[in-house]
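1. Predicted model follows, preceded by the sequence.
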Amino acid sequence: MSAAGNKPKTIEEFFGRANSNTSDVSIARMVSPSGWEEPKQTPEFDEYTVVLRGMLRVESEDGTVEVQAGQGVFAPKGSWVRYSSPGPEGAEYVAVCVPAFSYDMVHRE
């Protein structure tokens, strides 16, 4: 699965449309390098994210939060969100999307 953004990011999907032909939920491990950022998006799915290593910056209509290792963040469907990993070690995190992630449903700018 290819990732959006200014730098390459690793996506290892365990369950979802690409790996298990599951449309109800997707669960994927992401590894993004230092300085990675993606375009704003307004997805048609809820996204639950847990950071395992580093820091993930999450911008949304409610403001910006820096999610550290051991913390999580929720992005509800229908609201815009933008993810980045500006810290020196990048970020490793798990993303759970309900229903499963799809390019047709992510609506990136």
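-> On my side now, so go ahead.
2. use CA for all of it now, contacts and neighbours both
-> Noted.
3. Low-confidence ranges, this protein, go.
-> Applying pLDDT under 70 to the chain picks out residues 1-2.
4. in it, which strand has the most residues?
-> The residue-count maximum for a strand in the chain (DSSP state E) belongs to strand 46-60.
5. what sits opposite the residue most central in space within the chain in the beta ladder?
-> If you average the C-alpha coordinates of the chain and look for the closest C-alpha using CA atoms, centre = their mean, you land on A95, 5.6 Å from that point. Taking DSSP bridges, one finds A28, T49 as the beta-bridge partners of A95.
6. So that it lines up with my notes, have the first residue be 6 from now on.
-> Will do, 6 is the new start, and the previous item becomes A100.
7. Surely it touches A33?
-> Yes - A100 is within contact range of A33, at 5.4 Å (criterion: CA atoms under 8 Å).
8. In terms of helices and strands, where is E71?
-> When elements are defined using DSSP states H and E, E71 is found to belong to strand 68-73.
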